[in-house]
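*Asks:* Sequence first, predicted coordinates after that:
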Amino acid sequence: MLNSADSELTPHGLAQIFLLPKNSLHRQYEALRAFFVEGLPSTHAAQRFGYTPGSFRILCHQLRQNPALEFFLSSRRAPRPHPPKDRVREQIVTLRKQNLSIYDISRALKEKGEKRSPVAVSLILKEEGFARLPRRQDDERPQRPGALPAAIADVRQLDLSPRQFRTAFGGLFLFLPFLARLPWKEIAQGAALPGSAMIPAEHALRSLL
């Protein structure tokens, strides 16, 4: 701080800004400048700026070892470089632009050998500034192959009309006369096995064999 006598905008008053440094880096600069530029003896430069002779000699040695030492910091900070986007992140962004959900994207990445859970995909999309997709109807979802529906078992659809067919398990039919003699219905009822009109209990029991 300048006192009232030196606070006027005079050369002498403004000189105190340099002669009375406010921080350690400024003090080092002024002390070294007095020694190397003004030619002030090291003991006088050290005394003027509050250094011991030994510590000032170390300060001079450090400057000689590193002449590029910076005393002033730039007021403008260099822009922080954005981290490069990895390949999977770019794929996720591309797939989202195709209106795919996080589950569709996760499935598509898995098909390409890149495993990312829907939660991980959601976090990346949030970082990239994408909002959540609105809930879509079934006809709006992308077409993808699904499991084929299994045939429905119904004894009422059994066709016993004579016909021929080929099978690799023909030997099983040799046991049909013996199976036909067993009281399957009574066995199922005695065991209280569940059944329905489409799959009676005795038919379910036969299917286990």
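*Replies:* In hand now; what should we look at?

*Asks:* So A180, which state does it fall into?
*Replies:* Following DSSP: H, G, I helix; E, B strand; the rest coil, the label given to A180 is helix.

*Asks:* swap that for E70, sorry
*Replies:* Per three-state DSSP, E70 ends up coil.

*Asks:* What is the neighbour count of it?
*Replies:* 8 (other Cβ atoms under 10 Å). Yep, even glycine has a C-beta here, placed from its N, CA and C like the rest.

*Asks:* Please report how far it lies from K97.
*Replies:* 46 Å (Cβ to Cβ, to the nearest Å).

*Asks:* Also E114?
*Replies:* Per Cβ to Cβ, E114 is found 17 Å from K97.

*Asks:* These two: which is more packed in?
*Replies:* Neighbour totals were compared for E114 and K97, and E114 leads with 13 against 9 (other Cβ under 10 Å).

*Asks:* wait, isn't that one in contact with Q91?
*Replies:* Yes. Using Cβ atoms under 8 Å, E114 is in contact with Q91, at 7.3 Å.

*Asks:* For the chain, which segments are assigned as helices?
*Replies:* Using DSSP state H, the helices found in the chain span residues 11-19, 24-36, 42-48, 53-65, 87-96, 102-111, 118-127, 176-181, 184-190, 201-207.

*Asks:* Quick one: closest of those to A168.
*Replies:* Across the helices of the chain, A168 has its closest neighbour in helix 176-181 (16.9 Å, Cβ to Cβ).

*Asks:* Dump the helices of the chain to CSV, plus distance to G170, mean pLDDT and mean neighbour count.
*Replies:* CSV is the format used below for those (distance: least, Cβ to Cβ, whole Å; pLDDT from 0 to 100; neighbours: other Cβ atoms under 10 Å):
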stretch, distance to G170, mean pLDDT, mean neighbour count
helix 11-19, 109, 66, 11
helix 24-36, 98, 84, 17
helix 42-48, 111, 86, 17
helix 53-65, 96, 85, 13
helix 87-96, 52, 89, 16
helix 102-111, 42, 90, 17
helix 118-127, 49, 89, 15
helix 176-181, 11, 86, 9
helix 184-190, 22, 88, 14
helix 201-207, 18, 85, 16
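
*Asks:* Give me the local confidence score for R76.
*Replies:* pLDDT for R76: 57.

*Asks:* go on, P83?
*Replies:* If you check P83, the pLDDT there is 52.

*Asks:* In a markdown table, list the helices of the chain along with distance to Q164.
*Replies:* Shown next, in a markdown table, are these (distance: least, Cβ to Cβ, whole Å):
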| stretch | distance to Q164 |
| --- | --- |
| helix 11-19 | 112 |
| helix 24-36 | 101 |
| helix 42-48 | 115 |
| helix 53-65 | 101 |
| helix 87-96 | 52 |
| helix 102-111 | 43 |
| helix 118-127 | 52 |
| helix 176-181 | 16 |
| helix 184-190 | 26 |
| helix 201-207 | 22 |
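
*Asks:* do you know which of those helices lies nearest L158?
*Replies:* Ranking the helices of the chain by proximity to L158 (Cβ to Cβ) places helix 201-207 first, at 8.9 Å.

*Asks:* tell me which strands and helices that closest one is in contact with?
*Replies:* If contacts are counted by 3 or more Cβ pairs under 8 Å, 6 or more residues apart in numbering; DSSP states H and E, helix 201-207 sits against helix 184-190.

*Asks:* Could you check how far the helix it packs on is from the centre of its chain?
*Replies:* Offset of helix 184-190 from its chain centre (Cα atoms, centre = their mean, to the nearest Å): 60 Å.
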